[in-house]
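In: no FASTA, just this:
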């Protein structure tokens, strides 16, 4: 599946690494704490070669597998997620839980404090929406660690699409066993993300604080 897209043509000037080895280099780098230098020594390839192989293969993996393992959700998919949240947590019309994770990186050259976060290390931020089982539904990667979580969300493509209704999110739904009111669907945001009030349903008799506490376990477990 991936092989044909990362296979390189043999020429009179070089014999490229086979696709299988290129994939192994990439997966080993992603799954371990090895540096490109260590990978270079292990596979007997130049550091620049290992670096370019990793970047290129990651791009191909996302391009080929994303439509299959993390397709863009449609309205039917969102409603299925909402049903799972209600079955598991009795949280009505919840389409997902959002939070962020700081991914540790080496400080980029000439970046100053741009990537330095409040936890006192350099990072980029992974934002994700998870379903009731903690499975990623939507991800947004690459914001600078020095930004506040709320700022990251509002400026991210995920946040912009969510707030401008470009994620095929159902606009209305019914609260089971409460009343016949039609209310907006919502996405549960991590507390640091700030509350998107127009996406947060206000219904008498529902304690959203209790729901937020229950859903926190979903978000936290997704990073493990």
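Out: Yes, it's here. Note that this is a predicted model, so its numbers are computed, not measured.
In: now the nearest residue to residue 102 once chain neighbours are set aside: how far from residue 103?
Out: Excluding the flanking residues, the one nearest residue 102 by Cβ to Cβ, 6 or more residues apart in numbering is residue 123, at 3.9 Å. Yep, even glycine has a C-beta here, placed from its N, CA and C like the rest. Using Cβ to Cβ, to the nearest Å, residue 123 is found at 6 Å from residue 103.
In: of these two, who's got more company?
Out: Between residue 123 and residue 103, counting by other Cβ atoms under 10 Å, residue 123 is the more crowded of the two (19 against 14).
In: secondary structure class for the more buried one?
Out: Following DSSP: H, G, I helix; E, B strand; the rest coil, we place residue 123 in the strand state.
In: Could you measure from it over to residue 78?
Out: From residue 123 to residue 78 the distance is 30 Å (Cβ to Cβ).
In: now do residue 47
Out: The value you get for residue 47 to residue 78, if Cβ to Cβ is used, is 44 Å.
In: quick one, which of those two is more surrounded?
Out: residue 78 (22 against 14).
In: I'd guessed that one sits against residue 165; true?
Out: No. Using Cβ atoms under 8 Å, residue 78 makes no contact with residue 165, being 11.9 Å away.
In: low pLDDT regions in the chain?
Out: The chain contains residues with pLDDT under 70 at 149-150, 172-224.
In: Need the single longest strand in it, by residues.
Out: Identified as the longest strand of the chain according to DSSP state E is strand 94-104.
In: per-domain residue ranges of this protein.
Out: According to automatic domain parsing, the chain comprises the domains 3-68, 75-222.
In: Need the winner for burial among those domains.
Out: Of the domains of the chain, the one with the most neighbours on average (mean count of other Cβ atoms under 10 Å) is domain 75-222, at a mean of 16.
In: Can you classify the residue nearest in space to the middle of the chain by secondary structure?
Out: Central residue of the chain (Cα atoms, centre = their mean): residue 139, 2.5 Å from the mean position. With three-state DSSP as the basis, residue 139 sits in strand.
In: Next one: it from residue 27, what distance?
Out: 19 Å.
In: now residue 124
Out: Per Cβ to Cβ, residue 124 is found 20 Å from residue 27.
In: Residue 60 too?
Out: Relative to residue 27, residue 60 is positioned 12 Å away (Cβ to Cβ).
In: As a check, name the ranges of all helices in the chain.
Out: Under the criterion DSSP state H, helices of the chain are mapped to 3-6, 19-31, 36-43, 47-69, 75-89, 149-155, 157-163, 208-222.
In: Output these in TSV; the columns should cover distance to residue 135.
Out: Formatted as TSV, the helices of the chain follow (distance: least, Cβ to Cβ, whole Å):
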stretch	distance to residue 135
helix 3-6	26
helix 19-31	19
helix 36-43	30
helix 47-69	10
helix 75-89	9
helix 149-155	20
helix 157-163	16
helix 208-222	8
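In: Minimum distance to residue 99: which of those helices has it?
Out: Residue 99 lies closest to helix 208-222 among these, at 4.1 Å (Cβ to Cβ).
In: Name the nearest residue to residue 108, ignoring sequence neighbours.
Out: In this structure, residue 108 finds its nearest non-sequential neighbour in residue 115, 6.5 Å apart by Cβ to Cβ, 6+ apart.
In: Quick check: the one you found touching residue 125?
Out: No. Residue 115 is not in contact with residue 125 according to Cβ under 8 Å; the separation is 9.6 Å.
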